[in-house]
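Chemist: pasting the sequence and the predicted coordinates here, then a few questions.
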Amino acid sequence: MVGILVLGDNHLIVRGPLPNRATALALARHWSLIQIGQTMPPTLDRWTISTREFRENLEWAVIVPCDGEISPAVAQLLAELSGRGITIHDASSGNW
């Protein structure tokens, strides 16, 4: 599976299943800081960043609370995904 993890004005295309809220937050924390020599924790090793995907292949979307506004391009992509019937999960919401 391929999805998008939105972190404020940044986003990552991710290979792996739809993460739950806690995992989405952990992935965002892990990938927002560059630490030399850091390895992926075993609890997160099901997900990898993908550098090349077709937008048609995106199957899930998660918005993680972060500083900054979602860029217009990512907002458009999220609207397209929603139009295809894909639920946009918001990790800042208490409902998810």
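Modeler: Sure thing, it's come through.

Chemist: rest of the way, CA atoms for contacts and neighbours
Modeler: Fine.

Chemist: sketch out the low-pLDDT regions of the protein for me.
Modeler: Residue ranges of the chain with pLDDT under 70: 34-35, 94-96.

Chemist: relative to residue 31, how far out is the residue lying farthest from the centre of it?
Modeler: The outermost residue of the chain, judged against the average C-alpha position, is residue 37 (22.9 Å), by C-alpha atoms, centre = their mean. Taking C-alpha to C-alpha, to the nearest Å as the measure, residue 37 falls 13 Å from residue 31.

Chemist: for residue 82, same thing?
Modeler: For residue 82, the distance to residue 31 - C-alpha to C-alpha - is 25 Å.

Chemist: where do the strands of the protein begin and end?
Modeler: Along the chain, counting by DSSP state E, strands occupy 2-7, 10-15, 48-49, 58-64, 88-90.

Chemist: what's the end-to-end length of stretch 68-76?
Modeler: Termini of stretch 68-76 sit 16 Å apart (C-alpha to C-alpha).

Chemist: again with stretch 41-61
Modeler: End-to-end for stretch 41-61, by C-alpha to C-alpha: 22 Å.

Chemist: pull out the buried residues from that stretch.
Modeler: Buried residues in stretch 41-61, counted by 16 or more other C-alpha atoms under 10 Å: 47-48, 58-61.

Chemist: again, but for stretch 3-11
Modeler: Neighbour-count burial for stretch 3-11 flags 3-8, 11 (criterion: 16+ other C-alpha under 10 Å).

Chemist: so how far is that stretch off the chain centroid?
Modeler: Mean-position distance between stretch 3-11 and its chain equals 5 Å (C-alpha atoms, centre = their mean, to the nearest Å).

Chemist: first-to-last residue distance for that stretch?
Modeler: Counting by C-alpha to C-alpha, you get 10 Å between the two ends of stretch 3-11.

Chemist: how much space between residue 55 and residue 20?
Modeler: Applying C-alpha to C-alpha, the value for residue 55 to residue 20 is 22 Å.

Chemist: same question, residue 28
Modeler: Residue 28 is 12 Å from residue 20, by C-alpha to C-alpha.

Chemist: these two: who's more crowded?
Modeler: residue 28 (20 against 13; other C-alpha atoms under 10 Å).

Chemist: in contact with the more buried one, which residues?
Modeler: 5, 7, 64 (C-alpha atoms under 8 Å, 6 or more residues apart in numbering).
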